[in-house]
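Colleague: all I have is the shape, not the residue letters:
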């Protein structure tokens with residue numbers, strides 16, 4: 001081994017160090033614990049959206065997508081013959097970006113955004129991608145906003161009811177869901193005329209999450225559900241609490257804003273991959289992987305974005321990339337790219353294992369005539385250097401032989417809006 005290989009081996013940062021069978025087992029255990037209501041498991045949040053049901057066609061709905069700092073809305077009609085029609089799109093910033101606002105101001109601002117559209121429909125699907133407790137009537141109670149949106153009075157408020165009251169249309173139907181659930185549902189719009197055994201939604205962008213369809217009889221923490229029906233479960237997989245972390249993963253976690261939370265997400269998602277890469281490179285510098293001058297320059301880097309790490313390893317260098325200035329020796333540059341590539345390869349195996357656990361939990365896709373359709377969104381999944389190729393390799397290898405399952409992957413443009421529309425069209 002060269003020094004970089006020895007470093008990665010010593011810290012167990014290679015994909016080889018991830019036992020996929022064991023990770024699938026532990027991930028599944030935490031899914032089951034979450035369905036039972038145990039605090040030790042994942043959240044496994046019921047959405048009360050029955051995705052196996054048919055949806056109404058040729059009925060215009062207002063679809064809203066709010067998340068991060070962006071707000072957009074469109075009129076969407078899903079036709080049995082012509083597919084998806086999107087019109088009257090509006091785009092705004094989320095209220096509360098320019099200073100703290102009241103709850104009343106928050107909802108009246110959104111109402112003003114969509115007022116020109118709302119009279120055209122009787123149904124509203126709202127993809128609201130902030131931590132929210134979904135209720136049996138499909139409204140949602142906000143837990144908290146991200147740090148950019150300053151509207152603390154909205155915390156604990158019912159999003160759907162307050163918006164309808166601000167609009168003066170309390171009788172309209174509204175469904176609240178998050179972006180991962182919308183991603184799953186958007187796959188249904190692409191499935192017209194095809195037969196699928198089940199559906200999965202997966203997001204790997206700034207963060208990561210997964211959802212799937214579960215039978216209500218398996219949701220043991222809520223025995224009041226119709227035991228013959230099913231619904232989408234929001235796993236909150238980024239917060240999986242027992243991933244195979246290394247010493248460096250655990251030390252990096254302590255440097256983040258929320259140590260101890262979202263341990264799995266911090267190993268590969270776009271919001272953390274650049275920071276993790278820099279943390280690992282600094283450890284490698286301390287342990288003699290790089291020349292002394294290079295090590296000093298690396299130790300002085302204060303921040304590394306995922307896009308910078310990705311452009312460097314893919315040899316598509318962006319102007320001002322700090323790694324170019326820091327790694328002037330050819331061997332050091334090769335070792336840096338080798339380390340980043342190894343972290344991406346590990347990330348692909350981690351994602352493949354978690355996705356495999358979800359597929360197995362579905363107990364679907366055993367026939368080539370009825371595969372499971374997995375809709376995937378997120379720039380990290382599609383843009384991280386060779387990530388998708390490596391993910392598919394590990395995923396297909398796992399589902400060979402006796403574990404054979406049939407899974408198709410798709411990407412749906414504007415999935416959040418289309419999924420929001422479908423959520424309120426489910427019959």
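Modeller: Thanks, I have the structure now. Here the structure is a predicted model, which is why all the values come from computation and not from measurement. Residues are numbered from 1 along each chain as shown.

Colleague: could you pick out the longest helix of this structure?
Modeller: Counting by DSSP state H, the longest helix found in the chain is helix 330-362.

Colleague: pretty sure residue 269 is touching residue 203, no?
Modeller: No: with contact defined as Cβ atoms under 8 Å, residue 269 does not reach residue 203; the gap is 9.3 Å. The C-beta positions use only the backbone N, C-alpha and C, and glycine is treated the same way.

Colleague: run a quick neighbour tally on residue 282.
Modeller: By the criterion of other Cβ atoms under 10 Å, residue 282 has 17 neighbours.

Colleague: list the contacts of it.
Modeller: 298-299, 301 (Cβ atoms under 8 Å, 6 or more residues apart in numbering).

Colleague: out of those, which is nearest to residue 189?
Modeller: residue 301 (43.9 Å; Cβ to Cβ).

Colleague: re earlier: could the contacts of residue 282 go into a markdown table alongside secondary structure and neighbour count?
Modeller: Listed next are the contacts of residue 282 as a markdown table, based on DSSP: H, G, I helix; E, B strand; the rest coil; neighbours: other Cβ atoms under 10 Å:
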| residue | secondary structure | neighbour count |
| --- | --- | --- |
| 298 | helix | 24 |
| 299 | helix | 13 |
| 301 | coil | 16 |
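
Colleague: and of those residues, the nearest to residue 397?
Modeller: So of those, ranked by how close each gets to residue 397 (Cβ to Cβ), first place is residue 298, at 34.6 Å.

Colleague: look up how far residue 313 lies from that closest one.
Modeller: According to Cβ to Cβ, to the nearest Å, residue 298 and residue 313 sit 15 Å apart.

Colleague: excluding its backbone neighbours, what's nearest residue 343?
Modeller: Distances taken as Cβ to Cβ, 6 or more residues apart in numbering place residue 277 nearest to residue 343, at 6.1 Å, with adjacent residues excluded.

Colleague: and residue 25, how far is that from residue 266?
Modeller: Per Cβ to Cβ, residue 25 is found 21 Å from residue 266.

Colleague: more neighbours, these two?
Modeller: residue 266 (26 against 13).

Colleague: shouldn't the more buried one be within a helix?
Modeller: Yes: assignment of residue 266 by DSSP: H, G, I helix; E, B strand; the rest coil places it within a helix.

Colleague: what comes up buried for stretch 148-166?
Modeller: 149-151, 154, 157-164, 166 (16 or more other Cβ atoms under 10 Å).

Colleague: one more: stretch 95-102?
Modeller: Here stretch 95-102 shows 95-96, 101 as buried, counting by 16+ other Cβ under 10 Å.

Colleague: need those in JSON lines with distance to residue 113, can you?
Modeller: JSON lines is the format used below for the buried residues of stretch 95-102 (distance: Cβ to Cβ, whole Å):
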{"residue": "95", "distance to residue 113": "8"}
{"residue": "96", "distance to residue 113": "13"}
{"residue": "101", "distance to residue 113": "14"}
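
Colleague: to what extent is residue 421 buried, counted in neighbours?
Modeller: 34.

Colleague: quick revisit: from the contacts of residue 282, which is closest to residue 232?
Modeller: residue 301 (41.7 Å).

Colleague: thought the closest one was touching residue 278?
Modeller: Yes: if you go by Cβ under 8 Å, residue 301 and residue 278 touch, sitting 6.0 Å apart.
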